[in-house]
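Colleague: Turn this into a structure:
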Amino acid sequence: MYKFADTVAGSGSSTPYLPLNTVFNSVNLDEALTDNNGSFTTLAVSGRGILPRNIHMTEMSGSHGAREKRYTYDVREITVKYKLTDRSNEGFRERFNRLNGLLIGSKKRLEFTDEEAYFLATLQSGDTPEEDSNDIVGTLVFICTDPAKNRNEQTLNITTTTQVFTIGGLEPAPWTSRTRFTAPQSSFSLETNKGGKVILYYDFTDGDVLEIYYETRNIFLNGKDLAVSIALETEWFELNPGLVSFRASHETALNYAERFY
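Modeller: Numbers count the residues shown, from 1 in each chain. Okay, the predicted model is just below:
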C-alpha cells in the first residue's frame, strides 16, 4: 500500500510518502529504472480526470430540444511525461530498451503512487525527442479501452443465508467469484434480490475450486473450462452501486473494484 503526504498544516506527521511514480503491470518504473548511473523520473500525468460523456438523444417532433436516452464514455487516454537519464550513451540505450520491455502487454494495471486507483491500459505510443544527449524528456501514451478508474477492491463473503451488502462506486462494476467446496454438491447457485443469478449443474466434490468471471462469462473448475455447466435460467448481472442482497448455495468470495469515471 502506498503512503501519502499529510497535507494538514501543523499536524506534525513525519510519515514518509512516495512522490509521483508510474507503476505498470506491478512494476514501479521510477524504481526499476533508477540506479547510480541513471534514472527514470515521472514528471507529470494527464488523462485521469473526469471523462466527457457521449449523450445519446432523439429528436422530439414538434417539441423543443431532444430526449436523452443514455450516455457512454469514450476510450480513456493517459499521457505520462517522464525524464530518462544515464551517464553514458551505451547505458542510456540499455535503459531505454529496459523501459520498452517493461511496457509490453495489453490491458495491464496502470497505477500512480499519488492515488489509490488503477486503470487497465495498453501502451499506444511514445514520443521521444532527438536522442542527441543522455538526458531526455519524453511522453508515454496509454490507451484504456475500458475507461473506468478502479478503486477500493472489495471482497464480499457470501453464505447460504441472504445478506445485504452495499456496493460502492459510481457506476456498475464487473465481478469475479471463487468457491472452494467442502462437501459434494450436484449444483451451484449465486443469486441476488434483483433477479440476477448464475446457476450451474455439475457434480462438485470436496476440494473443488470454482471460479466465475462475469465480464468474460468464463467458468473454471480447478483451472479447467466448465462453461458446459451453465444453466439456461442463468441471468448474468453487474454490481450496481447501492444495496443488494446475495445468497449462494455454498460459501463464496465475490470480488470487485469500485468504478469511477
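Colleague: Pull out the buried residues from the helix or strand bottoming out on mean pLDDT in the chain.
Modeller: When each helix and strand of the chain is scored by mean pLDDT, DSSP states H and E, strand 66-73 comes last, with a mean of 81. Across strand 66-73, burial judged by 16 or more other CB atoms under 10 Å covers residue 73. Yep, even glycine has a C-beta here, placed from its N, CA and C like the rest.
Colleague: Describe which strands it pairs with in its sheet and in which direction.
Modeller: If you go by DSSP bridges, strand 66-73 pairs up with strand 53-59 (antiparallel).
Colleague: now the strand it pairs with: how far from the chain's centre is it?
Modeller: Distance, stretch centre to chain centre, for strand 53-59: 27 Å (CA atoms, centre = their mean, to the nearest Å).
Colleague: how far away is residue 175 from residue 27?
Modeller: In this view, residue 175 and residue 27 are 26 Å apart by CB to CB, to the nearest Å.
Colleague: what's the nearest residue to residue 33 once chain neighbours are set aside sitting at in phi/psi?
Modeller: Take residue 33 and drop its neighbours on the chain: the residue closest to it by CB to CB, 6 or more residues apart in numbering is residue 40, 3.5 Å away. Backbone torsions for residue 40, taken as degrees, to the nearest 10, come to phi -120, psi 130.
Colleague: ditto for the one 10 residues further on
Modeller: According to degrees, to the nearest 10, the main-chain angles of residue 50 amount to phi -70, psi 130.
Colleague: And for residue 61?
Modeller: Main-chain torsions, residue 61, degrees, to the nearest 10: phi -60, psi 130.
Colleague: Which stretches in the stretch 151-261 of the chain count as helices?
Modeller: Using DSSP state H, counting those that start in this stretch, no helices are found in the stretch 151-261 of the chain.
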